[in-house]
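In: Quick one, what's the 3D model for this:
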Amino acid sequence: MPPRSSNAVTPILSPAGLPAGQGGAASEDIPRAAIGPDGRISHANPSFCTLCDLAFDSIGGREALWVLGRAPPGTAFHFDRTHSSDGREVTIASLSAPARETDSIARLSEISAALRRRERELSEAESIGHMGHWRWPVGGQGIVWSEEIYRIFGVKKDTFSPTLEGVGAMLYRSDAGRMIQVFQRAILEKNDYDLDVRVRRPDGSTRHIRCEGRCEKDPEGEVVALYGIMQDITEQVHHERQLRAAKESAERAYAAKSQFLANMSHELRTPLNAIIGFSEMIEKQLLGPIGTEKYLDYIKGIRESGAHLLDLISDILDMSRIEAGKYDLALEPVDPGKLVHLAAHMMEGRAQEARIALSASVRDDALTLNADRRAVMQILLNLLSNACKFTPPGGSVLIECEGRHDIVLFRVIDTGCGIPANRIGQITRPFEQAGNTDGGYTRGHAGSGLGLAITRELAELHGGSIHIDSTVGAGTTVTVRLPARAKPAKRA
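Out: Numbering: from 1, shown residues only. Modelled structure (predicted):
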C-alpha cells in the first residue's frame with residue numbers, strides 16, 4: 001500500500017469539501033473524488049470510498065491511480081477539470097459501478113415485459129384495423145407474417161408457411177403476376193409500392209387485400225428486403241360497389257324522368273293551346289254574343305289559368321330538355337340591343353299592372369352577338385319577370401346592355417325586397433326560391449322556381465355565366481355574361 005504524501009493537507013472527507021456543484025445530497029450516491037495537481041486524492045465522498053474498498057478516513061492523500069485501480073472490474077470512469085472552493089485546480093473523478101447480475105436480469109425482465117405488452121397492443125390494433133405487417137428478405141422464399149395476416153388469408157400459423165409461391169397460389173392468377181412485377185420493380189427502382197389483390201381463402205370466399213410496402217436497404221443502398229402492411233378492404237370494396245350501383249340507378253331514373261318530360265312536350269302543349277285559343281275566341285265573342293255576361297269573367301279566368309299553366313309546363317319541359325341534353329342552340333348573329341328593348345316592351349303590361357317603373361338602356365347600339373335568339377330572349381324575360389315579381393309597387397326595374405372586349409353583359413337591376421345572402425347560392429337550382437319572411441321574398445310567389453335555373457343553364461350552354469348581387473330591403477342586380485362569339489358548351 002503506498003504511503004500518504006507527507007505534505008498532504010488534512011482532507012475534508014465530505015461532499016461539502018468537493019467543488020461547488022459536485023456535493024450535496026443529490027450527489028451522495030454517485031462515487032466522486034477530487035484529484036489535486038499532484039495526482040493524489042484530496043477529497044472523496046463515502047460512495048467513492050465504499051466502491052474502492054477504503055476507509056473513509058484513510059483515502060485522503062493517496063495516489064489517485066492506486067485508488068482508482070481498486071475499483072471493481074467494469075467500473076466506468078469520467079473525469080472533469082474544475083476548481084475547488086479555495087480556487088485550486090482539481091480533477092473530479094466520477095465512477096459508475098458495474099451493474100450487478102441480479103440488476104441486469106431484472107432490467108432484462110422489465111424490457112421483455114414491455115416488449116410483450118407492445119406486441120400485444122400492436123396485435124390488437126392490427127386486428128381492429130384488419131391490417132397486418134409482413135417482411136420478405138430479397139432472394140428468399142419465406143415471408144414473415146404477423147398474426148392478423150394469417151386471419152386475413154383464412155389460414156392457421158401451425159399449418160401454413162407463407163412463401164412467395166404459397167401466397168401466389170392463393171391469389172387470382174392475374175393478381176399473382178402483378179404482385180411479382182410490383183416487387184421486382186420496387187427492388188430495381190428502390191421505391192415504395194402498393195397494389196390491390198384478390199385472395200381465394202380455403203373456405204372458398206374471396207377477400208380484397210391492399211398491400212403497401214417499402215424497401216429495406218443496406219449501408220451501400222442496396223435493397224435487402226421488402227416490408228409493409230396488408231389490409232383487408234373487402235367491406236370497403238363492397239360498399240363502393242353498392243354506392244356506384246345506387247348512383248347509376250338514380251342517374252338512370254333521373255334520365256328516364258327527363259326523357260319522359262321532354263317527349264311529352266307535344267302531348268301537353270297541344271291541348272293547352274286549344275283551351276287557350278278557344279277561350280280567347282269566346283272571350284272576344286268572335287262567333288256572336290254570349291247570352292250571360294257573367295260567362296265572360298269565367299272565360300277570362302279559364303284563359304289566364306291556361307296561359308299560366310302553359311308557362312309552368314314550358315319551364316318544366318325546357319329544364320327537362322336541357323338536362324336530357326336535347327336543347328340544341330341555333331346560333332346566329334343577333335342584335336342584343338334590339339332584344340333588350342323587345343323584352344322590355346313585352347313586359348310593359350305586367351310592370352304597369354304592378355305599378356313598377358320599367359326602363360331599358362343600351363350603351364352601344366353597334367353591339368353584335370352570335371347566340372341563340374330564342375334562348376337569349378328567354379333569359380331576358382326570365383330576369384325581368386323575376387324582377388317585377390319581387391319588386392313592390394312604386395319600385396323600379398332597369399334592364400341594360402353593354403359590351404366589354406369580347407363579352408356582352410346583360411344586367412337587370414331592381415329595387416325589390418332583395419335576397420338573403422345565405423340563399424343566393426341556392427336560387428339558381430331547379431325549383432328553388434329564396435325564403436325571407438321579413439323582406440317578402442318567399443316561396444308563396446307564383447311560379448315554378450325554374451326561371452333562374454333555366455337562365456343559368458342557357459347562359460352556360462353559350463359558354464357564359466350568371467352573377468347575382470343582392471341586399472335585403474334594397475334590391476337585386478343580376479348580370480349575365482355571354483361571349484360575343486359563342487360556341488355551344490359541351491355538356492357532361
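
In: pLDDT weak spots in the chain?
Out: The model of the chain has pLDDT under 70 over residues 1-28, 99-105, 261-266, 324, 430-449, 488-492.

In: Go again with 50.
Out: The chain contains residues with pLDDT under 50 at 3-17, 19-26, 435-444.

In: mind listing the helices for the stretch 51-200 of the chain?
Out: Here the stretch 51-200 of the chain has its helices, by DSSP state H, counting those that start in this stretch, at 64-68, 101-128, 147-153, 164-170, 173-189.

In: out of those helices, nearest to Lys294?
Out: Of all the helices of the stretch 51-200 of the chain, it is helix 101-128 that lies closest to Lys294, at 80.1 Å by C-beta to C-beta. In this view, the C-beta of every residue, glycine as well, is placed from N, C-alpha and C.

In: picking that back up, highest mean neighbour count out of the helices of the stretch 51-200 of the chain?
Out: helix 147-153 (a mean of 20; mean count of other C-beta atoms under 10 Å).

In: what helices or strands is it leaning on?
Out: Helix 147-153 is packed against helix 101-128, strand 131-137, strand 206-217, strand 223-232, with contacts defined by 3 or more C-beta pairs under 8 Å, 6 or more residues apart in numbering; DSSP states H and E.

In: try 6 Å this time
Out: helix 101-128, strand 131-137 (3 or more C-beta pairs under 6 Å, 6 or more residues apart in numbering; DSSP states H and E).

In: Serialize the ones you listed to CSV and add fields for distance to Gly425.
Out: Below are these laid out as CSV (distance: least, C-beta to C-beta, whole Å):
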stretch, distance to Gly425
helix 101-128, 41
strand 131-137, 41
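
In: For my notes, please list the helices of the stretch 51-200 of the chain in TSV and give distance to Val472 for each entry.
Out: Converted to TSV, the helices of the stretch 51-200 of the chain look like this (distance: least, C-beta to C-beta, whole Å):
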stretch	distance to Val472
helix 64-68	90
helix 101-128	52
helix 147-153	59
helix 164-170	66
helix 173-189	60
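
In: if I pick the residue nearest to the spatial centre of the chain, what's in contact with it?
Out: Centroid-nearest residue in the chain, with C-alpha atoms, centre = their mean: Glu240, separated by 17.7 Å. Contacts for Glu240 were tallied using C-beta atoms under 6 Å, 6 or more residues apart in numbering; there are none.

In: Confirm that it sits in a helix.
Out: Yes: judged by DSSP: H, G, I helix; E, B strand; the rest coil, Glu240 forms part of a helix.

In: Of all the helices of the stretch 51-200 of the chain, which one comes closest to Ser314?
Out: With C-beta to C-beta as the criterion, Ser314 lies closest to helix 173-189 of those, at 54.5 Å.

In: packing partners for the closest one?
Out: Using 3+ C-beta pairs under 6 Å, 6+ apart, helix 173-189 sits against strand 193-200.

In: Spell out the residue ranges of the helices in the stretch 301-450 of the chain.
Out: For the stretch 301-450 of the chain, the helices defined by DSSP H, counting those that start in this stretch cover 336-346, 348-353, 373-389.

In: Identify whichever of those helices lies nearest to Arg81.
Out: That would be, of the helices of the stretch 301-450 of the chain and by C-beta to C-beta, helix 373-389, which comes in at 90.7 Å.

In: Tell me which residues are up against that closest one.
Out: Counting by C-beta under 6 Å, 6+ apart, 334, 339, 343, 347, 350-351, 354, 356, 397, 412, 414, 445, 451, 455, 458, 478, 480 sit against helix 373-389.

In: which of the residues you listed are buried?
Out: Buried subset of the contacts of helix 373-389 (neighbour count, 16 or more other C-beta atoms under 10 Å): 334, 339, 343, 347, 351, 354, 356, 397, 412, 414, 451, 455, 458, 478, 480.

In: No further queries at this time; thank you.
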